[in-house]
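Visitor: Structure for this input, please:
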Amino acid sequence: MLATGVLAVPAQANAQTLSTASASLGAADLVVGGVPAQAEPIAECDVAGPTEANTRGVDIGSKTEFGRGASTCERGDDGVSTARADGQRFETDLLKQFGGPTIRVRSFSAECSTTENGSSGYVELGGVSGFTLPESIPPNHSILVPGNDAGDPPLAEIVLNELTAPTPPDGSLTTNALHLKLFPEGGPASGDLYVGTASCDPYGG
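Guide: Okay, here's the model as predicted:
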């Protein structure tokens, strides 16, 4: 099991607002061979409610599957908000039809929490196949899945421990355990697949 975490750039404090947090097992917005495959955030929780969610498993089209998982969100009496999603047995065969690997993740989680003037994020991935995990996952670690022949565009980009924050920074943070981008330079498929997502904002409103 590999994990990593990071602190978002802080923003100016505002005593009139409440922190927010949400998490989900993942989501998808894909087009493969002209056929769309979409999924709203799976088993999504939010500090505003529902604060807990779970699933026995979800299929996205015929080639992507999320296994069991759950999410929990909480805002404490101290004003700190936390969100966490834990999932099992994610698998996608999306790249196989183009000569690429089957991507599997046995277990994954994404977690975030607000701080006094920012947010921190943490992810875990375990039991993967179809790509290689580094010993320690740095933020926004990118892996290109190459085309079948020299000069072919990459089939996908896999981003691990993806961290996104607005510019200029306002203390909020979204972390994805895994983000699969289909044919990032163009090709017969497009779109994004997210596995394990948590978002936190110390001044969410």
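Visitor: now residue 165: how far from residue 93?
Guide: 32 Å (Cβ to Cβ, to the nearest Å). Where C-beta positions appear, they are placed from N, C-alpha and C, glycine not excepted.
Visitor: now swap in residue 55 and tell me
Guide: Distance, residue 55 to residue 93, using Cβ to Cβ: 20 Å.
Visitor: again, but for residue 159
Guide: Applying Cβ to Cβ to residue 159 and residue 93 gives a distance of 20 Å.
Visitor: Counting neighbours, go ahead and name the busier of these two.
Guide: Counting neighbours by other Cβ atoms under 10 Å for residue 159 and for residue 93 shows that residue 159 has the greater number, 21 against 17.
Visitor: so that one bridges to which residues?
Guide: Beta bridges link residue 159 to residue 142, residue 179 when assigned by DSSP bridges.
Visitor: what about it, distance to residue 35?
Guide: In this structure, residue 159 and residue 35 are 24 Å apart, going by Cβ to Cβ.
Visitor: So, low pLDDT: which residues of the chain?
Guide: Across the chain, the ranges flagged by pLDDT under 70 are 1-16, 205.
Visitor: Give me the spatial nearest neighbour of the residue nearest the centre of the chain, chain neighbours excluded.
Guide: In the chain, the centroid-proximal residue (Cα atoms, centre = their mean) is residue 176; its distance is 2.5 Å. Nearest non-adjacent residue to residue 176, counting by Cβ to Cβ, 6 or more residues apart in numbering: residue 162, 4.2 Å away.
Visitor: Over to residue 188?
Guide: Excluding the flanking residues, the one nearest residue 188 by Cβ to Cβ, 6+ apart is residue 33, at 6.2 Å.
Visitor: Residue 191 is in contact with that neighbour, correct?
Guide: No. The pair residue 33 / residue 191 is not scored as a contact, 11.8 Å apart, by Cβ atoms under 8 Å.
Visitor: No further questions, thank you.
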